[in-house]
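K.L.:
I need the structure of the sequence given here:
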Amino acid sequence: MILKIVFESSTTTLVSSLPTDEFLRRADAGVGSSDLPSPVIPNGYSRISEWHMNTYGVTREQLGKIAVIMSIQGSRHPHAIAKKPHKLEDVLSAPIIAPTLGLLECARRVGK
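P.N.:
Here you go, the predicted structure:
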């Protein structure tokens, strides 16, 4: 248990210490070959959410509710980065990162 905490702490420190451009370059490279634009991971999720919207009629609001529910659950963890859950209005009005994905629907680095 102690080893796990030390590992998580050093990993968090390493990731949060990287400049944004370097973090993005490493994250994109970690995906391997991709036809998606940068940032690759959010654009991949966006492509999947677009498919769900087109195939099943899922709405942007329904997708935003997933982020709200996850933020409620996450805020309950004693070591949570964000102690306050997101509201649907905040999720839907957050800056766009990919075509159907806003900032509050993306994993964020500690301290960024």
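K.L.:
contacting residues around stretch 94-112?
P.N.:
Contacts of stretch 94-112 with the rest of the structure, by CB atoms under 8 Å, 6 or more residues apart in numbering, involve 12, 15-16, 20, 23, 39, 42-43, 45-46, 49-50, 53, 60, 63-64, 66-67, 71, 81, 86, 90-93. C-beta coordinates here come from the backbone N, C-alpha and C atoms, glycine included.
K.L.:
I41 reaches V31, doesn't it?
P.N.:
Yes. Taking CB atoms under 8 Å as the definition, I41 is a contact partner of V31 at 6.6 Å.
K.L.:
more neighbours, those two?
P.N.:
Counted by other CB atoms under 10 Å, I41 and V31 do not tie: I41 has more neighbours, with 20 against 14.
K.L.:
ok, now how distant is the more buried one from S16?
P.N.:
17 Å (CB to CB, to the nearest Å).
K.L.:
give the other helices and strands that whichever strand or helix holds E89 contacts.
P.N.:
Applying DSSP states H and E as the criterion places E89 in helix 88-93. Counting contacts by 3 or more CB pairs under 8 Å, 6 or more residues apart in numbering; DSSP states H and E, helix 88-93 packs against helix 60-75, strand 101-102.
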